[in-house]
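K.L.:
this is a predicted model, with the sequence first.
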Amino acid sequence: MRSPMGKRRRGLTLLECLVASAVLAMLGAAVIVPFSVGAQAAAQDARTTLAVALAQDMMEEILSHSFKDPNGTEAGESGRPTWDDMRDYDQFFENEGNIYASDGTLVGDPMAAYLSRRASVQAVYVSGQNQSLPASFLCVTVYVYYHGDQLIKLTRLVYDNT
C-alpha cells in the first residue's frame, strides 16, 4: 500500500489493530463462556449432592431414635447427644457453616459453608383415629438451605408399631 506521498508503507493501522482485537475478544469469549457455565453447573451439582447427603444423614439419625420417649420424660435431655426420641428433633436448626454430623464433628466440606439444616417432627392423625389418644404417625421433615433458600426437603411418615 502506498501513502499519499508515494512511499510504500509497512505495518498495521490503528483501525486494523482495533478490529483484530475485537474479533479476538469475541472468539475468546465464545470459547471461555461454555467452560465458565460448566464450572458453575458442576459447583451447583456438588452442593446439591452434599445437601442431599446431609438431609439423608439427619433423617437417618432421627429415625434411629424411638417413636416414643423411652423414659417418658424430657428431663436431662439438654442437647442432641442426649435426645432419645424422634420428637426431640422438632424445631432443630443448624446455622450456615455450623452443620454437625451425628458424631458431633463439624462438617468441614467447603461446600457446606453456606448450607443450613432444619428438622420438623409433627404428630399426624389419620382419618378415624381418636385424637384424644397419642398420634400413631409422625411426619419427619428435614430441610437443607443454601443462603436461606430451600435446596432439599426430605419427608418421611413414621408409624408407631409398638
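P.N.:
Now that the structure is in, tell me what you want to look at.

K.L.:
wait, Ala51 sits on Leu115?
P.N.:
Yes: counting by C-beta atoms under 8 Å, Ala51 does reach Leu115; the two are 6.0 Å apart. Every residue, glycine included, has its C-beta placed from N, CA and C.

K.L.:
for His147, see how far away the residue positioned nearest the centre of the chain is.
P.N.:
Here the mean C-alpha position of the chain is nearest to the C-alpha of Ala51 (C-alpha atoms, centre = their mean), at a distance of 3.7 Å. Going from Ala51 to His147 by C-beta to C-beta, to the nearest Å gives 12 Å.

K.L.:
what do you get for Ile62?
P.N.:
For Ile62 relative to His147 (C-beta to C-beta), the value is 25 Å.

K.L.:
higher neighbour count, the two?
P.N.:
In this comparison of Ile62 against His147, neighbours counted by other C-beta atoms under 10 Å, the higher total goes to Ile62 at 25 against 9.

K.L.:
now do the SS call for that one.
P.N.:
Per DSSP: H, G, I helix; E, B strand; the rest coil, the local secondary structure of Ile62 is helix.
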